[in-house]
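S.K.: Okay, predicted coordinates and the sequence, questions at the end:
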Amino acid sequence: MSQEGIAGSLQTALDWLSQPVVSFSVASRGMALGLLLGVLVLFGLVAWLAVPWARRWWTDETPRPGEDESGVSTKEMTLQEHLLELRNRLVISVIALTVTTGIAFIWNQLWLQIAVAPCPGCKLISTSPTGIIFSVFKVTLVVGIVVAMPVIAYEAWAYIAPGLTRKERRYVIAIIPGATVSFILGILFAYFALLPAALRFLAGFSTSIVDFTPDIDKYLSFITRLLVASGLIFQMPLVMFFLSKVRLINPRMLGSIRRYVIVAAFIVAADVTPTPDPFNPLLVAIPTLVLYEVGALLARLA
């Protein structure tokens with residue numbers, strides 16, 4: 001590793017804090033700020049209108065037509081009818097995924113640019129004749145899954161909801177928005193904080209003998225693993241709240257295993273981040289421990 005690479009890796013934390021991933025002009029910052037304020041106002045308005053309805057919905061115990069006292073569907077279905085319904089919902093999900101992936105393919109270069117953005121200056125290569133087309137398909141498939149997720153989630157929910165009680169449906173519906181937001185926050189954290197720091201450190205090992213030119217297929221697999229892992233880690237508080245709500249865990253248990261959680265957080269961080277430096281694992285371990293404490297607080301409120 002060159003002297004410049006060592007110095008660059010040691011100053012990664014300062015660079016990450018002082019330099020934005022993308023530079024914005026004054027006009028772009030004003031537009032982004034106005035958009036953010038608009039989203040916040042819209043969110044506040046929707047919340048203000050939805051809270052009274054949500055309170056009535058949460059406390060309503062009136063059985064609907066076709067439900068028993070606990071809210072479970074009373075409609076009897078044979079095994080063949082269950083399998084037929086499952087097939088129909090899977091077909092609808094596959095059609096939605098095919099349509100969204102096909103539309104996403106039109107802007108495949110845009111998705112590749114977004115994927116490469118955390119590694120400015122990187123020159124990706126393809127070591128196989130079909131590497132580029134498979135990489136493009138992989139990126140557009142991920143975008144298609146994200147766009148089609150509302151349809152896929154609805155079909156899954158419509159299949160399992162009749163077998164749940166009214167109380168179970170309420171908890172699932174209440175958790176889904178929080179889980180979605182948490183997953184998106186985890187992906188944004190990995191994209192804007194973890195990936196640039198990790199790739200900057202890895203690129204610092206390049207010398208006059210070996211250039212840093214990642215294979216596009218392995219690069220996409222690498223960033224996908226980090227993004228998904230970060231999104232799942234950000235689900236920890238909601239999972240802990242739900243497990244506490246169903247009495248599988250309690251705050252005293254969470255306090256007694258805290259020392260093991262600290263060790264496990266650093267083990268997971270070392271596995272998720274491929275770099276041998278201590279800074280990048282800390283970027284994963286510290287938020288994981290903070291999320292654990294948030295989950296322990298939510299468990300007390302459950």
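M.R.: Arrived safely, thanks for sending. Numbering: from 1, shown residues only.
S.K.: In this protein, mark out all the strands, start to finish.
M.R.: Chain-ordered strands for the chain, with DSSP state E as the definition, do not occur.
S.K.: Now do the domain split for it, please.
M.R.: Domain assignment of the chain by automatic domain parsing yields the ranges 77-163, 166-205+214-302.
S.K.: For these, give me CSV that also has mean pLDDT, distance to residue 53 and mean neighbour count.
M.R.: Placement of C-beta: from N, CA and C, glycine included. Conversion of the domains of the chain to CSV gives the following (pLDDT from 0 to 100; distance: least, Cβ to Cβ, whole Å; neighbours: other Cβ atoms under 10 Å):
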stretch, mean pLDDT, distance to residue 53, mean neighbour count
domain 77-163, 87, 19, 15
domain 166-205+214-302, 82, 13, 17
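S.K.: So which of the ones you listed is nearest residue 45?
M.R.: domain 166-205+214-302 (16.1 Å; Cβ to Cβ).
S.K.: Residue 59: which of the domains of the chain is closest?
M.R.: Using Cβ to Cβ as the criterion, the shortest distance between residue 59 and the domains of the chain is 9.8 Å, found for domain 166-205+214-302.
S.K.: what's the spacing between the closest one and its chain's center?
M.R.: In terms of Cα atoms, centre = their mean, to the nearest Å, the centre of domain 166-205+214-302 is set 9 Å apart from its chain centre.
S.K.: cool, and stretch 117-135?
M.R.: Relative to the mean C-alpha coordinate of its chain, stretch 117-135 is positioned 23 Å out (Cα atoms, centre = their mean).
S.K.: for stretch 198-207, same thing?
M.R.: Its chain's average C-alpha position is 26 Å from that of stretch 198-207, according to Cα atoms, centre = their mean.
S.K.: Let me know which of the domains of the chain is the nearest to residue 51.
M.R.: Evaluated with Cβ to Cβ, those place domain 166-205+214-302 nearest to residue 51, the distance being 12.7 Å.
S.K.: Residue 48 is nearest to which of the domains of the chain?
M.R.: domain 166-205+214-302 (16.0 Å).
S.K.: Just put the domains of the chain in JSON lines and tack on distance to residue 60.
M.R.: Rendered in JSON lines, the data for the domains of the chain read as follows (distance: least, Cβ to Cβ, whole Å):
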{"stretch": "domain 77-163", "distance to residue 60": "16"}
{"stretch": "domain 166-205+214-302", "distance to residue 60": "9"}
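S.K.: Out of the ones you listed, which is closest to residue 44?
M.R.: It is, among the domains of the chain and with distance given as Cβ to Cβ, domain 166-205+214-302, at 15.1 Å.
S.K.: Which pLDDT does the model give residue 207?
M.R.: According to the model's per-residue confidence, residue 207 sits at a pLDDT of 70.
S.K.: now the helices for this structure?
M.R.: Listed from the start of the chain, the chain has helices (DSSP state H) covering 3-10, 12-18, 26-59, 79-105, 108-116, 131-160, 166-189, 195-203, 216-233, 236-245, 251-256, 258-272, 279-301.
S.K.: Same list (the ones you listed) but as TSV, adding distance to residue 73.
M.R.: As requested, these are exported to TSV (distance: least, Cβ to Cβ, whole Å):
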stretch	distance to residue 73
helix 3-10	58
helix 12-18	52
helix 26-59	18
helix 79-105	12
helix 108-116	41
helix 131-160	11
helix 166-189	11
helix 195-203	45
helix 216-233	31
helix 236-245	23
helix 251-256	35
helix 258-272	40
helix 279-301	31
